[in-house]
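>>> sequence first, predicted model second:
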Amino acid sequence: MKKANVVSINERAFENLRFIRETMERAASFTAVPGWGGILMGVSALLTALISSRLPSKDLWVASWLGEAVLALAIGGWAMAQKARAVQSTLLDGPGRKFALGLCPAMIAGVVLTLVLYRNALFGLMPGVWLLLYGVAVVTGGAYSVNVVPIMGVSFMVLGTIALFSPLAWANWFMAAGFGALQIVFGVIIARRYGG
């Protein structure tokens, strides 16, 4: 007569708890950050940098970058929704909600500071403030996402800090480097490692 394999209740409970913990960890990170959307956002920023460098006034320069911000927001939102649908995730519950709530405070601060800087004709500070606050938004939102997202945010913060201490003549270079090149580089990494 064969001896039956007996599994203790402790072993079974441990296995169940490990499964639950691993499932919750996977569910706790927001994976709908769009790699391809980030690449498109970067390409549109590079085009905006090219166009805005030829505009005759600082007012038009600001308007072109504000238009780019609206376009990038639309691209990012659309790409996030597509990726969330593809991985059967939601944007407004759980990790998606935390990601959005992490992004919002710094983005709102960016709007307020843009109005203040524009009103006081402090155009030279705008690229640094925009890059720095976008980086802060990405770091805080990225705390609920995959590891590469906060790293991207820190990269924007470093670039924004350097831009704050640089002459206005370099503004478009910083905008192209951050919102263009950095966005494309990290978009490629996200698309390759985390799908789309």
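In hand now; what should we look at?

>>> only C-alpha atoms from now on, for both contacts and neighbour counts.
OK.

>>> distance of Gly110 from Ile9?
According to C-alpha to C-alpha, to the nearest Å, Gly110 and Ile9 sit 55 Å apart.

>>> so between these two, which is more surrounded?
Gly110 (20 against 9; other C-alpha atoms under 10 Å).

>>> that one contacts Val129, doesn't it?
Yes. Using C-alpha atoms under 8 Å, Gly110 is in contact with Val129, at 7.2 Å.

>>> biggest helix in this protein, by residue count?
helix 58-86 (DSSP state H).

>>> can you map out the helices along the protein?
Using DSSP H, helices in the chain cover 9-27, 35-52, 58-86, 94-119, 126-142, 148-164, 171-175, 183-194.

>>> just put the ones you listed in JSON lines and tack on mean pLDDT.
Formatted as JSON lines, these follow (pLDDT from 0 to 100):
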{"stretch": "helix 9-27", "mean pLDDT": "64"}
{"stretch": "helix 35-52", "mean pLDDT": "95"}
{"stretch": "helix 58-86", "mean pLDDT": "90"}
{"stretch": "helix 94-119", "mean pLDDT": "88"}
{"stretch": "helix 126-142", "mean pLDDT": "94"}
{"stretch": "helix 148-164", "mean pLDDT": "95"}
{"stretch": "helix 171-175", "mean pLDDT": "94"}
{"stretch": "helix 183-194", "mean pLDDT": "92"}
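
>>> pick the most deeply packed of those.
Comparing those by mean neighbour count (mean count of other C-alpha atoms under 10 Å), helix 126-142 comes out on top with a mean of 26.

>>> what is the burial count for Arg54?
Using other C-alpha under 10 Å, Arg54 has 10 neighbouring residues.

>>> and the closest residue in space to Gly76 that isn't next to it in sequence, what is it in contact with?
Residue nearest to Gly76 in three dimensions, not counting chain neighbours: Gly37, with 5.5 Å by C-alpha to C-alpha, 6 or more residues apart in numbering. With contact set as C-alpha atoms under 8 Å, 6 or more residues apart in numbering, Gly37 has these partners: 75-76, 78-80, 187.

>>> ditto for Gly124
Gly124 sits in contact with 164, 167-168, 171, where contact means C-alpha under 8 Å, 6+ apart.
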